[in-house]
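Trainee: coordinates only, sequence not included:
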């Protein structure tokens, strides 16, 4: 029965509160670390998905290749400034046609199978 008094003394002096606080802190740290690991796994999955996509054929005007005709003329409507202030900042815009000349991005390629290079020597 002597141990009972020791437990009671530890309880009265706040020893269990210290242990409970340590456990609570450890669980909070574990939870934060688990969230960080989940976020890292999500970022890795997004990077792998992005790496498997073929490049988007985008012109220097930031419009897609589908917006250009065979001669390279862009047919997208854009906002064109028509009035400027004394600092040469546009004050007013009107709708106009994009005036880029031709598509200069990467050509979309079909998927090609290539065997791995190995050292057979």
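Mentor: Yep, it's here. Just so it is clear, the structure is predicted and the values come from calculations on it, not from any experiment.
Trainee: okay, now the unreliable bits of this protein?
Mentor: 1, 15, 101-114, 119-121 (pLDDT under 70).
Trainee: could you point out the helix or strand that follows whichever helix in it runs longest?
Mentor: Identified as the longest helix of the chain according to DSSP state H is helix 15-51. Next helix or strand after helix 15-51 toward the C-terminus (DSSP states H and E): strand 77-84.
Trainee: ok, residue 77 touching residue 99?
Mentor: No - Residue 77 lies out of contact with residue 99 (Cβ atoms under 8 Å); the separation is 11.6 Å. Where you see a C-beta, it was placed from the backbone N, CA and C, and this is true even at glycine.
Trainee: quick check: the gap between residue 22 and residue 6.
Mentor: Per Cβ to Cβ, to the nearest Å, residue 22 is found 20 Å from residue 6.
Trainee: same question, residue 64
Mentor: Residue 64 is 76 Å from residue 6, by Cβ to Cβ.
Trainee: with residue 57 instead?
Mentor: Counting by Cβ to Cβ, the separation of residue 57 from residue 6 is 77 Å.
Trainee: again, but for residue 99
Mentor: Per Cβ to Cβ, residue 99 is found 87 Å from residue 6.
Trainee: ok, now residue 81?
Mentor: 83 Å.
Trainee: swap in residue 55?
Mentor: 71 Å.
Trainee: before we move on, what about residue 77?
Mentor: Taking Cβ to Cβ, one finds residue 77 at 83 Å from residue 6.
Trainee: next, count neighbours for residue 9.
Mentor: Counted with other Cβ atoms under 10 Å, the neighbours of residue 9 add up to 10.
Trainee: state the helix or strand in which it lies.
Mentor: For residue 9, the enclosing helix or strand under DSSP H and E is helix 2-12.
Trainee: please report phi then psi for residue 52.
Mentor: Note on residue 52: its backbone torsions stand at phi -80, psi -10 [degrees, to the nearest 10].
Trainee: which residues does stretch 82-100 contact?
Mentor: Stretch 82-100 is contacted by residues 59-61, 63, 67, 74-81 when judged by Cβ atoms under 8 Å, 6 or more residues apart in numbering.
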